[in-house]
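Novice: no FASTA, just this:
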């Protein structure tokens, strides 16, 4: 079987792929094409922190013990952008391709966005005196070498998104790689 691992957006839990009507058509098409589609709560709004990456890796590892897995693809939505990208960049999951739906690709930009800042701070257990660069070291996809992204990537983002700004996230990473 081929596998798609869904890295969920802000506020979602495992099962979002079957309970969110905006996703069900895409997921149904992937399943019809022979993919297993799996997701994990992954410590909820993890923005790619170590615990979230580990949860997705454990999901991948479990599926590879239960099924003969072929190609593995990442589908990262919004706040799931960093976890999908970091599982790839840290060689946690051998992704053959990555697709982002209005993905957070720039963790510093997410931290600077008023509506996301508290979630990023919670994901990285910021203390009141924590320094952003220290707390998130090694977790911003935009700080990896562009050559680390040597796989097919597809970005779906809207100019109208006022939370995950396309130019600062999808467009910036696409231009970088």
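Specialist: Looks like it came in fine. Computed from a predicted model, the values in this text were never measured in an experiment. Numbering: from 1, shown residues only.

Novice: What helix or strand is residue 134 located in?
Specialist: helix 132-135 (DSSP states H and E).

Novice: Just the buried residues of that helix, please?
Specialist: For helix 132-135, the neighbour count (16 or more other C-beta atoms under 10 Å) marks 132, 135 as buried. Any C-beta I mention is one placed from the backbone N, CA and C, and that applies to glycine too.

Novice: who touches it?
Specialist: The contact list for helix 132-135, computed with C-beta atoms under 8 Å, 6 or more residues apart in numbering, reads 108, 111, 124, 125, 126.

Novice: quick one, phi/psi of the nearest residue in space to residue 48 that is not next to it in sequence?
Specialist: Excluding its sequence neighbours, the residue lying closest to residue 48 (C-beta to C-beta, 6 or more residues apart in numbering) is residue 82, at 2.9 Å. Backbone torsions of residue 82, given as degrees, to the nearest 10, read phi -60, psi -40.

Novice: in the helix ranked longest in the chain, what's buried?
Specialist: Longest helix in the chain, counting residues (DSSP state H): helix 50-66. By neighbour count with 16+ other C-beta under 10 Å, helix 50-66 contains the buried residues 52, 53, 55, 56, 57, 59, 60, 63.

Novice: ditto for stretch 87-105
Specialist: Those would be 87-90, 92-93, 95, 98-105, for stretch 87-105 by 16+ other C-beta under 10 Å.

Novice: Identify those among those residues that sit within strands.
Specialist: 98, 99, 100, 101 (DSSP state E).

Novice: Which two among those are spaced furthest apart?
Specialist: Using C-beta to C-beta, those reach their maximum pairwise distance at 98 and 101, which is 11.1 Å.

Novice: Kindly point out which residues are neighbours of both of these two.
Specialist: Shared contacts of residue 98 and residue 101 (C-beta under 8 Å, 6+ apart): residue 76.

Novice: Can you show me the helices along the protein?
Specialist: Using DSSP H, helices in the chain cover 16-19, 21-32, 50-66, 81-89, 107-112, 114-123, 132-135, 170-176.
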